[in-house]
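**Student:** I would like to see how this sequence folds:
(one chain, ligands or ions: 2)
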Amino acid sequence: MADLKLTGVEKAYGEVKVLSGIDLEITTGELVVFVGPSGCGKSTLLRMIAGLERITGGTFEIDGRRMNDVPPAQRGIAMVFQSYALYPHMTVRDNMGFALKIAGRPRAEIDAAIARAARILQLEPLLDRLPKALSGGQRQRVAIGRAIVRDPKVYLFDEPLSNLDAALRVATRIEIAQLKEQMPDSTMVYVTHDQVEAMTLADRIVVLAGGGIAQVGPPLELYERPRNEFVAGFIGSPAMNIAPGKVVETGARTTVALAQGGRAVSLVPSLPGDLGRAVNIGVRPEDLAPRPEAEEATFEGRVEITEALGEVTLLYLAREVSGPQVVAKLPGIHPGLRHQTLRLGADPAKVHLFADGQSLLYR
Ligand code: ADP
Ligand code: MG
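**Tutor:** Ligands and ions are numbered 1, 2, ... in the order given. Presented below is the predicted three-dimensional model:
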């Protein structure tokens, strides 16, 4: 069992506060992913959990026991880094067994632990090789194996797949998902800047931004019900279209006139006192579709660029005045849309409204 609890955790380097007010509980068996822009403090938070970085405020507990001053080796945690940090002169077997050997464990126990990890990660045929004779993906599996051998309660991963090429990244991602299935009693915290990794691996995602937590929740909850503009724009690719507008009708539904070319309807109960209110409207590219007949189109504009990806086509529409482009993602292949003027609409239930950066629909 390993339940993690952070209460009011903060990190300052001298005068500079990198993180503050971090409240988060992670329960045994969960895989929680930290995402956020570069430099937002993902690694710092992970390293504080590991004990590699001092916690300058707040409390971190494992199973109700305060860990702030417990040395890393006594936390029952193993960490896997982006750089595999294998010993180049040792075989895979010796790399994996090294920590237990240093700890003075009996040979039979070390061998059993290596055998178990090698089986889980399908490393058996590679045990006698040196790291230089392995591919990047195999090296990262050895690094994960080295963590498994120690049988920790908590696994921490800091961008473990970032050094791999695209195909290996997918394969290793699936291995990590399988690893999690095989170790249901372990708690895992995984840092990445890769959206697909976050969406596919996480039980819950923690979006970090501006020194705090922007939102925590299951991947699809963050996708469907972002509580603020930051999360709305960060989760999803291409990013959600966000454009300024103003409320022109309230009642059973809300209608927003866009500042540039278009109207949008949102199926929300009326927002009190909202007539004339400045809001930002958000629609995901995949929620837009051509609606030539629609009286109220969400966006209208000329298709400047198309990108045919096979399974989908991306359309980049210019709006009359400068201002951000609108991106639509249509399933399938659509030749001949370039230079056309299109009206695009969205299901009103898929329209997002924001004011002062916060969602008016989801709290
Ligand atoms: P991320 O992993 O999200 O990219 P980090 O956790 O590595 O971000 O860093 C968060 C912030 O803390 C960054 O602004 C970084 O410059 C700062 N930082 C990290 N380590 C130190 C340090 N030893 N001294 C001062 N600032 C640091
Ligand atoms: Mg980092």
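**Student:** Report the strands that pair with the lowest-mean-pLDDT helix or strand in the chain, each with its relative direction.
**Tutor:** The helix or strand of the chain with the poorest confidence is strand 263-266; it has a mean of 73 (mean pLDDT, DSSP states H and E). According to DSSP bridges, the neighbouring strands of strand 263-266, each with its direction, are strand 254-258 (antiparallel).
**Student:** Off-centre distance for the strand it pairs with?
**Tutor:** 31 Å (C-alpha atoms, centre = their mean, to the nearest Å).
**Student:** can you list the residues that contact that strand?
**Tutor:** 243-249, 263-266, 268, 270-271, 274, 279, 281, 296, 298-299, 353 (C-beta atoms under 8 Å, 6 or more residues apart in numbering). Yep, even glycine has a C-beta here, placed from its N, CA and C like the rest.
**Student:** just to revisit the earlier point, which residues are in contact with the least confident helix or strand of the chain?
**Tutor:** 245, 248, 253-258, 281, 283, 296-298, 346, 348, 351-353, 361.
**Student:** hmm, 10 Å instead?
**Tutor:** Contact partners of strand 263-266, identified using C-beta atoms under 10 Å, 6 or more residues apart in numbering, comprise 243, 245, 247-249, 253-258, 279, 281-283, 294-300, 345-353, 360-361.
**Student:** Let's see the helix or strand hosting Ile174 as CSV, backbone CA atoms only.
**Tutor:** For Ile174, the enclosing helix or strand under DSSP states H and E is helix 166-182. Extracted C-alpha coordinates of helix 166-182, given in CSV (Å, rounded to 0.1, in the frame of the first residue of the first chain):
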residue,chain,number,x,y,z
ALA,A,166,8.3,8.0,-32.3
ALA,A,167,7.8,4.3,-32.9
LEU,A,168,9.7,3.2,-29.9
ARG,A,169,7.9,5.7,-27.8
VAL,A,170,4.5,4.2,-28.7
ALA,A,171,5.8,0.6,-28.0
THR,A,172,7.4,1.5,-24.7
ARG,A,173,4.3,3.5,-23.7
ILE,A,174,2.2,0.4,-24.2
GLU,A,175,4.7,-1.6,-22.1
ILE,A,176,4.3,0.9,-19.3
ALA,A,177,0.6,0.5,-19.5
GLN,A,178,1.0,-3.3,-19.3
LEU,A,179,3.5,-2.9,-16.4
LYS,A,180,0.9,-1.0,-14.5
GLU,A,181,-1.7,-3.8,-15.0
GLN,A,182,0.8,-6.3,-13.6
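**Student:** Report all helices and strands that it contacts.
**Tutor:** If you count contacts as 3 or more C-beta pairs under 10 Å, 6 or more residues apart in numbering; DSSP states H and E, helix 166-182 packs onto strand 31-35, helix 107-120, helix 136-149, strand 154-158, strand 187-191, helix 195-201.
**Student:** how big is the angle separating it from strand 154-158?
**Tutor:** Going by axes from the mean of the first three to the mean of the last three C-alpha atoms, to 10 degrees, helix 166-182 is angled at 170 degrees with respect to strand 154-158.
**Student:** by how many degrees do helix 166-182 and strand 31-35 diverge?
**Tutor:** On the basis of the same axes, to 10 degrees, helix 166-182 is oriented at 140 degrees to strand 31-35.
**Student:** re earlier: to the chain's geometric centre, what's the distance from the least confident helix or strand of the chain?
**Tutor:** Put simply, strand 263-266 sits 29 Å off its chain's centre (C-alpha atoms, centre = their mean).
**Student:** Convert that strand to CSV, retaining C-alpha atoms only.
**Tutor:** In CSV, the C-alpha atoms belonging to strand 263-266 read as follows (Å, rounded to 0.1, in the frame of the first residue of the first chain):
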residue,chain,number,x,y,z
ARG,A,263,-22.2,33.5,-33.7
ALA,A,264,-22.2,30.7,-31.2
VAL,A,265,-24.9,29.0,-29.3
SER,A,266,-24.3,27.3,-26.0
